[in-house]
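Trainee: for reference, the sequence and a predicted model appear below.
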Amino acid sequence: MKEIKRTCFNTEVNLNKVGQEVYLIGWVHKKRDLGSLTFIDLRDRSGIIQLVLNNETKKFPVVKNEYLIHIHGVVNKKDIPNPKLLTGNIEIVVDKLEVINTAELTPFIIDDDTDALEDTRLKYRYLDLRRLCLQKNLILRSKIVSITHDFLNKNGFLEIETPVLGVSTPEGAREFLVPSRNNPQQFYALPQSPQLYKQLLMIAGFERYYQIAKCFRDEDLRADRQPEFTQIDIETSFLNQEQLLDIMDQLLYRIFKETIGYEIKLPIRKMEYDEAVNVYGSDKPDTRFDLKLVDVKDLFINSEFEIFKNNKYLKCIVVKNSANYFSRKIFDELNLTANKFGMKNFFNLKYVNNEFSGSILKFLTDDIKNELINKLNLENNDVIIFASSNIKYNVNFGLGALRNELAKKLDLIKNKDQYDILWVVHWPLFSKDEITNQLTPEHHPFTRPCDEDLKYLDEAPEKVYAYCYDIVINGYEAGGGSLRIYDQKTQTKIFELLGLSDEDIKKRFGFFIDAFKYGTPPHAGIAFGLERLTMLLTKTDNIRDVIAFPKNLKARCPMSNAPSNVTEEQLKDLHIKFE
């Protein structure tokens, strides 16, 4: 078999091919030598198929795990099927086997279940990627991109590339800077998103743009964040919010249906930002479980407990039938979350056998007890967890974080195959620091205020809401966007409210603002996180599982050892000198 031939991929062999001859190529996944018979699990990109070698009738070359082999054989129906394999009903009786290439002993087992440390797997990523679970993730990612291309192309969108080497602009995160050899002491910035360019394409008259865009943010990393990531980036002209979201609903429907066979109910439901934050404690609420936030400030107005009485905000959640779970140790662990949100701790009460117990029991009058029972519909064995602060963000988002934490600890999400998908809409244009009164944009400074709220821009900008929308899937933000400001006067006003001087505006956004002078159309856009979408569809909780060559939590690549030192000559060319 000197000529390498392949009849088909492993998982394309089925019962219809019984008795037929096939040529297959793949890696030795496992080998079981029973003396007269040798069984080999052959692995290719599609999956695993079992080979049978009769050692009494033919002498075969020695093979070991991860040897690359080429075989010829006949498809045979198995007496005892293996339900764990797609090819579990058949096997290949081999009459010819050729070793294409040998392999050394691998530093870890090439299998879906591995106990290898992540940095070891990342160091040998080319071996790690032989694991079928990771290959399936990247295949699904590729399908998402393919479906996106097909859908958007058929709906009049043009794929247009935008620069990777651009100008530094403030967009909320630290940028990666690239020194310019031809322009000493000046730098390009890698794009955090193609935001400015895609809006300029609308001004240029292209009307419908998209791009599978590489983006870069120099942020601290975590399980769902990488320094470089990919967006499905979209911008349109002349569409209102409902029209744009309707198209995006259809795109998401196709992605879910054609990748995992899941049918989204259309239209995707919408939730107001205020409801998301005030009831679920998050701008990306997971509504697969209850634990809603309840405002109980009115019950404690006359309380002797000074914290509850004097703080502006007081809310709680009720954890049903769980008093036995909450030990002192558990409450201490939960209070670490409170600390992260500027509160010393959460306060708690247990309601068992019609009696309250807890650290604040001595402050409860009979009236407060009865009001709590009635307002919260308390039942035996329930637990109340309170959050109190003078800052609304701390209370809402603190309880929201606790809510998600308890959902995992208590396994509150019962139907894990169900996808919880919703649009969070009608966001505030700004968030206002309750201590410093400083305004910061909730999305970005190009977001269009709602027409009915323009009257508040001068006197009470914190009251202004925006045409904003985020797509939330199972408690993760999977994408977001907004209608854009398209008149120069409003855009300048927003910059002024953010404290930017005319000089700042000209320096940072001069070319962008100048473009607004030339008939800018009403436009809107959105960007989906490709890795987030893939992560959710493959049900992994680690974004590195859906990226071919990711960085570790230290933003390093253990395989290539990037970032690395460079030579003095390279630094000299770039006019850079370290002190």
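Mentor: Here it is on my side, so go on. Note that the structure is predicted; figures quoted are calculated from it, not measured.

Trainee: tell me the mean pLDDT for stretch 266-279?
Mentor: Stretch 266-279 carries an average pLDDT of 98.

Trainee: what's the end-to-end length of it?
Mentor: One end of stretch 266-279 to the other measures 24 Å (C-alpha to C-alpha, to the nearest Å).

Trainee: same check, this time on stretch 358-369
Mentor: 13 Å.

Trainee: buried sites along that stretch?
Mentor: 358, 360, 363, 364, 368, 369 (16 or more other C-beta atoms under 10 Å). Quick note: C-beta positions are derived from backbone N, CA and C, even for glycine.

Trainee: widest-spaced pair of these?
Mentor: Distance extremes for the buried residues of stretch 358-369: the farthest pair is 358 and 368 at 12.7 Å, using C-beta to C-beta.

Trainee: in CSV, list the buried residues of stretch 358-369 along with distance to residue 84, pLDDT and secondary structure.
Mentor: Listed next are the buried residues of stretch 358-369 as CSV, based on distance: C-beta to C-beta, whole Å; pLDDT from 0 to 100; DSSP: H, G, I helix; E, B strand; the rest coil:
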residue, distance to residue 84, pLDDT, secondary structure
358, 50, 93, coil
360, 54, 93, coil
363, 59, 93, helix
364, 57, 93, coil
368, 58, 95, helix
369, 56, 95, helix
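
Trainee: wait, doesn't residue 107 sit right on residue 116?
Mentor: Yes. Using C-beta atoms under 8 Å, residue 107 and residue 116 qualify as a contacting pair, with a distance of 7.4 Å.

Trainee: the more surrounded of these two?
Mentor: Ranked by neighbour count (other C-beta atoms under 10 Å), residue 107 and residue 116 place residue 116 first, with 18 against 12.

Trainee: can you get me a residue count around the nearest residue to the more buried one once chain neighbours are set aside?
Mentor: Of all residues not flanking residue 116 in the chain, residue 108 sits nearest, at 3.6 Å (C-beta to C-beta, 6 or more residues apart in numbering). Using other C-beta under 10 Å, residue 108 has 15 neighbouring residues.

Trainee: helix, strand or coil: sort out residue 108 for me.
Mentor: Following DSSP: H, G, I helix; E, B strand; the rest coil, the label given to residue 108 is coil.

Trainee: so who does it touch?
Mentor: 114, 115, 116, 120, 121, 124, 127 (C-beta atoms under 8 Å, 6 or more residues apart in numbering).

Trainee: just checking, which of those residues belong to helices?
Mentor: 120, 121, 127 (DSSP state H).

Trainee: and the second one, how far from residue 551?
Mentor: Read it as residue 121. The spacing between residue 121 and residue 551, counted by C-beta to C-beta, to the nearest Å, is 13 Å.

Trainee: so which residues of the stretch 1-150 of the chain form helices?
Mentor: Assigned by DSSP state H, counting those that start in this stretch, the helices in the stretch 1-150 of the chain fall at 118-123, 125-128, 132-154.

Trainee: go on, the stretch 301-450 of the chain?
Mentor: 306-310, 328-340, 366-376, 392-409.

Trainee: swap in the stretch 151-300 of the chain?
Mentor: Using DSSP H, counting those that start in this stretch, helices in the stretch 151-300 of the chain cover 195-203, 241-260, 273-280.

Trainee: so which of those comes closest to residue 508?
Mentor: Once those are compared by C-beta to C-beta, helix 195-203 is nearest, at 10.2 Å.

Trainee: who are the packing partners of the closest one?
Mentor: strand 208-216, strand 228-237, helix 502-515, strand 523-529 (3 or more C-beta pairs under 8 Å, 6 or more residues apart in numbering; DSSP states H and E).

Trainee: using CSV, write out every CA atom in it.
Mentor: Only the C-alpha atoms of helix 195-203 are listed here, as CSV (Å, rounded to 0.1, in the frame of the first residue of the first chain):
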residue,chain,number,x,y,z
GLN,A,195,-16.5,50.1,16.3
LEU,A,196,-15.3,53.3,14.6
TYR,A,197,-14.6,51.7,11.3
LYS,A,198,-17.9,49.9,10.9
GLN,A,199,-19.7,53.2,11.6
LEU,A,200,-17.6,54.9,9.0
LEU,A,201,-18.7,52.2,6.6
MET,A,202,-22.3,53.2,7.2
ILE,A,203,-21.3,56.8,6.5
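
Trainee: and the angle for it with helix 502-515?
Mentor: Here helix 195-203 runs at an angle of 40 degrees relative to helix 502-515 (axes from the mean of the first three to the mean of the last three C-alpha atoms, to 10 degrees).

Trainee: what mean pLDDT does helix 195-203 have?
Mentor: Averaging pLDDT along helix 195-203 gives 96.

Trainee: quick one: that helix to chain centroid distance?
Mentor: On the basis of C-alpha atoms, centre = their mean, to the nearest Å, helix 195-203 is displaced by 25 Å from the centre of the chain it belongs to.

Trainee: tell me how many other residues surround residue 489.
Mentor: Residue 489: 8 neighbours (other C-beta under 10 Å).

Trainee: same question for it, what's its three-state structure.
Mentor: Once three-state DSSP is applied, residue 489 turns out helix.

Trainee: quick check: it vs residue 517, distance?
Mentor: 11 Å.

Trainee: what sits against residue 427?
Mentor: 273, 283, 442, 443, 465, 466, 468, 469, 470, 482.

Trainee: so which of those is the closest to residue 53?
Mentor: The closest of these to residue 53 turns out to be residue 470 (C-beta to C-beta; 55.9 Å).

Trainee: show me the helices in the stretch 451-579 of the chain, by range?
Mentor: In the stretch 451-579 of the chain, the helices defined using DSSP H, counting those that start in this stretch lie at 488-497, 502-515, 530-538, 568-573.

Trainee: please name whichever of the ones you listed is nearest to residue 52.
Mentor: helix 530-538 (32.8 Å).

Trainee: that closest one - contacts with which helices or strands?
Mentor: helix 132-154, strand 228-237, helix 241-260, strand 465-473, strand 476-483.

Trainee: same list (those) but as TSV, adding mean pLDDT, mean neighbour count and distance to residue 80.
Mentor: Listed next are the helices and strands packed on helix 530-538 as TSV, based on pLDDT from 0 to 100; neighbours: other C-beta atoms under 10 Å; distance: least, C-beta to C-beta, whole Å:
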stretch	mean pLDDT	mean neighbour count	distance to residue 80
helix 132-154	98	16	22
strand 228-237	97	23	44
helix 241-260	98	18	30
strand 465-473	97	23	41
strand 476-483	97	22	42
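
Trainee: please tell me how far residue 476 sits from residue 285.
Mentor: To residue 285, residue 476 is 11 Å away according to C-beta to C-beta.
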